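Engineer: coordinates only, sequence not included:
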């Protein structure tokens, strides 16, 4: 089994969860409504008893059994849903473990990440970048220091005209590195 088949199986399992939950919620609502109706009827009988009226003991016992039966169904239904969801998570974990044993994932190389982008014209909406705190436009370069707070810079603001061949670090990060030495 390759890694893609594994992920397909996991997605298939996860996509089943909303349907299972919907069906169980629907069933539980019906059971809850039955319990509510039976409980209302039960409370009316209790009021009659308190007032001193004579009641049918057989009817009272049957009603009590029905309420208990429906409450147990509600509890069982909730436990069943928990077990189904846990089973899906367990299957997904087993599939991932099996996939990782047979197909090692390729290592991600930071060098492959594009650190220069052509942003085009100035956009009205969007995030502010660079030391100038303007929107992205023209050529932008990313600082290679992972701790950089600004991350992206306009070529003009960084004082460069061509993309550097090696790693590029902004002025603030250079100063921080010098202080650390």
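Structural biologist: Sure, I can see it. What you are looking at is a predicted structure, and each value in this text was computed from that prediction instead of being measured.

Engineer: Can you pull up the most central residue in this structure?
Structural biologist: By Cα atoms, centre = their mean, the chain has its centre lying nearest to residue 14, at 11.5 Å.

Engineer: For this protein, which element, helix or strand, carries the lowest mean pLDDT?
Structural biologist: Lowest on mean pLDDT, DSSP states H and E among the helices and strands of the chain sits strand 116-118, with a mean of 57.

Engineer: Look up the closest residue to residue 24, ignoring the ones flanking it.
Structural biologist: residue 81 (4.4 Å; Cβ to Cβ, 6 or more residues apart in numbering). For the C-beta atoms, the positions are set from N, CA and C on the backbone; glycine is no exception.

Engineer: same for the helix or strand that contains the one you found, what does it pack against?
Structural biologist: Assessed by DSSP states H and E, residue 81 sits inside helix 57-102. Helices and strands touching helix 57-102, by 3 or more Cβ pairs under 8 Å, 6 or more residues apart in numbering; DSSP states H and E, are helix 3-50.

Engineer: I'd like the average pLDDT over the helix it packs on.
Structural biologist: The average pLDDT for helix 3-50 rounds to 82.
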